[in-house]
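Student: next input, structure requested:
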Amino acid sequence: MLSLKNLLIGKPVSGLTSSIKSIIQVRTATKRVSGSKTNNKDSAGRRLGPKVNEGHPVKPGQIIMRQRGTKIHPGENVRIGVDHTIYAVEPGFVRFYFDPFHPLRKYVGVALKKDIRLPKDHFAPRLRRFGYVPIEDPVAAKNEELQRSRKEILALPQLQKAQNKQYSLRKRRINENKAKLAQDSSIKLSEQETEKAAERLFKISQFVDLGQELSQAQLQVTYDELYNIRLQYRRGELNDSDFDLAKTKYLEVAKKVDSLVPSQ
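Tutor: Alright, predicted model coming up:
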């Protein structure tokens, strides 16, 4: 009768050794198969790289570059996400360029016009979009409203509520200033001058509420109003005589009402 000791240290038994070897070979092959299964696991590509080529138009929010790390750095009118994705924030045309202050970095930006090249000169003024005009076509206006993001659409009721509250506060305080000017017999103002004076007192009170001194607030409101008159003149809404007359009249109104304390 065979014992475990004879199997381990004894002489080999014919027929038994070959059967043990065959068992070992089967076990080794099984381990190989299990190892090959783990090597079959693979994930799909991440589709990295540029999504819009040089000179092509983009819209706000459109992805320009997907990458791992900042191989391409964000330039003008673009932003970078937490996963280093670069996307446009202004409508325009894509420009890949090198910054002379960072010669080893490649940038991507959005030019507001097709003939603009990036980067601009170091001391050149920043280009911004002015001159927006309202869309008269109701269908086109509705399509433009649908371009808003979900976050903007959800915030519209709160923004409208805050705007209505601000408008009602402005109207109430201007009416209080009108009543105050009507009761003051020392100031003689026409109806149009009373409207401007009441609005001036309201604007001055806003700057005072923000912590400015009264004299500084008066100078700031005067500068803003004269600047608006100058803009009307540049747009062609006023000729030379009307421009001088509007400026003189407002300075006279300001001189009359600056002695009054703005309503709080």
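
Student: dihedrals phi and psi, His56?
Tutor: phi -80, psi 150 (degrees, to the nearest 10).

Student: how about it: what's its closest non-neighbour residue?
Tutor: Excluding its sequence neighbours, the residue lying closest to His56 (Cβ to Cβ, 6 or more residues apart in numbering) is Val94, at 5.5 Å. C-betas here are computed from N, CA, C, even on glycine.

Student: which stretches of the protein form helices?
Tutor: 4-9, 16-38, 138-145, 150-183, 191-209, 214-234, 240-257 (DSSP state H).

Student: save the ones you listed as CSV, and put in distance to Ile116 and mean neighbour count too.
Tutor: Listed next are those as CSV, based on distance: least, Cβ to Cβ, whole Å; neighbours: other Cβ atoms under 10 Å:
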stretch, distance to Ile116, mean neighbour count
helix 4-9, 86, 9
helix 16-38, 54, 9
helix 138-145, 24, 10
helix 150-183, 28, 12
helix 191-209, 37, 18
helix 214-234, 24, 15
helix 240-257, 33, 15
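
Student: as JSON lines, the ones you listed with mean pLDDT and distance to Arg79 would be great.
Tutor: Compiled in JSON lines, the helices of the chain are given as follows (pLDDT from 0 to 100; distance: least, Cβ to Cβ, whole Å):
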{"stretch": "helix 4-9", "mean pLDDT": "54", "distance to Arg79": "73"}
{"stretch": "helix 16-38", "mean pLDDT": "55", "distance to Arg79": "40"}
{"stretch": "helix 138-145", "mean pLDDT": "84", "distance to Arg79": "22"}
{"stretch": "helix 150-183", "mean pLDDT": "86", "distance to Arg79": "15"}
{"stretch": "helix 191-209", "mean pLDDT": "85", "distance to Arg79": "32"}
{"stretch": "helix 214-234", "mean pLDDT": "87", "distance to Arg79": "31"}
{"stretch": "helix 240-257", "mean pLDDT": "86", "distance to Arg79": "42"}
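
Student: export these to CSV and tack on distance to Lys106?
Tutor: As requested, the helices of the chain are exported to CSV (distance: least, Cβ to Cβ, whole Å):
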stretch, distance to Lys106
helix 4-9, 70
helix 16-38, 39
helix 138-145, 34
helix 150-183, 31
helix 191-209, 46
helix 214-234, 40
helix 240-257, 49
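
Student: for Pro57, which of the ones you listed is the nearest?
Tutor: For the helices of the chain, the distance to Pro57 is smallest for helix 138-145, at 16.8 Å, taking Cβ to Cβ.

Student: contact partners of that closest one?
Tutor: Pro134, Ile135 (Cβ atoms under 8 Å, 6 or more residues apart in numbering).
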